[in-house]
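S.K.: Next come a sequence and a model predicted from it.
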Amino acid sequence: MASTGISLYASCKSHYSNLQGKECKYAGQSVKALPIRIITVGKKRSSGVQLIVDDYVDKLKHYCRVEDVRVKSNPKNARDVMAQIEHEDIALMDLIRSNEWVVMLDEHGLDVGSEQMASLIGDAGNTGASSLLFCIGGPYGHGRQLRRRADVSIKLSSLVLNHEIALVVLIEQLYRAWTILKGQKYHH
């Protein structure tokens, strides 16, 4: 599986980096609506963030099924940062299904715009995967297992974002991507 992920990552890297500023290749076309799962590593979510997430999940239901999954940051209360990353990595890997197309959000990932996010969703529908999974890491990032398993790694910003802000930006961009795919007027 790792070699498939590496080749997909390599092809995605060249594919998405070449689309900078261009239209989504699937805009207005029929796209397979894969269910989306979002796994976030972090502490308890603030009520304001949860309201925003719930609002966008409701909006996204018009396009695809969305599941919001939370993993507790530092599940074994490790004092060592590397142990914490490893424990979070194990918890994440236990939740990933073998037939999911995995998108890791990482500050060193590919810089994608909204149109590229829409293309990524369209491309994922053509992979044969059963669902599309987005992983938002804990305070120290992702572990080795997830980095090997990810089909593509993207960043939402050149800034480092905490898990709650990253989730809000991601879920809004997923909604925006679907409106681009459907040719609706949300994205200008």
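M.R.: Cool, the structure landed.

S.K.: At which residues are the strands of the protein located?
M.R.: 36-42, 66-72, 100-111, 131-136, 152-155 (DSSP state E).

S.K.: Which elements pack onto the shortest one?
M.R.: Counting contacts by 3 or more Cβ pairs under 8 Å, 6 or more residues apart in numbering; DSSP states H and E, strand 152-155 packs against helix 2-17, strand 100-111, helix 114-124. C-betas here are computed from N, CA, C, even on glycine.

S.K.: residue ranges with poor pLDDT in this structure?
M.R.: The model of the chain has pLDDT under 70 over residues 1-22, 187-188.

S.K.: again, 80 this time
M.R.: Within the chain, the stretches with pLDDT under 80 are 1-23, 25-29, 75, 187-188.

S.K.: Please spell out which residue in it sits farthest from the middle.
M.R.: In the chain, Arg79 marks the outermost C-alpha relative to the chain mean, sitting 28.0 Å out by Cα atoms, centre = their mean.

S.K.: Quick check: the gap between that one and Cys24.
M.R.: 46 Å (Cβ to Cβ, to the nearest Å).

S.K.: returning to that earlier point: of all the strands of the chain, which lies closest to Asp55?
M.R.: The closest of the strands of the chain to Asp55 is strand 66-72. By Cβ to Cβ, the value is 11.8 Å.

S.K.: With just CA atoms, put the closest one into PDB.
M.R.: Provided in PDB are the C-alpha atoms of strand 66-72 (Å, rounded to 0.1, in the frame of the first residue of the first chain):
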ATOM      1  CA  VAL A  66     -19.700  13.900   6.000                       C
ATOM      2  CA  GLU A  67     -18.500  12.300   9.200                       C
ATOM      3  CA  ASP A  68     -16.600  14.400  11.800                       C
ATOM      4  CA  VAL A  69     -14.300  12.200  14.000                       C
ATOM      5  CA  ARG A  70     -12.300  13.500  16.900                       C
ATOM      6  CA  VAL A  71      -9.200  11.800  18.400                       C
ATOM      7  CA  LYS A  72      -8.000  12.900  21.800                       C
END
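
S.K.: Of all the residues in that strand, which ones are buried?
M.R.: Buried residues in strand 66-72, defined by neighbour count with 16 or more other Cβ atoms under 10 Å: Val66, Asp68, Arg70, Val71.

S.K.: quick check, distance from that strand to the centre of its chain.
M.R.: Computed by Cα atoms, centre = their mean, to the nearest Å, the chain-centroid distance of strand 66-72 equals 12 Å.

S.K.: Likewise for stretch 164-180?
M.R.: Using Cα atoms, centre = their mean, the offset of stretch 164-180 from its chain centre is 9 Å.
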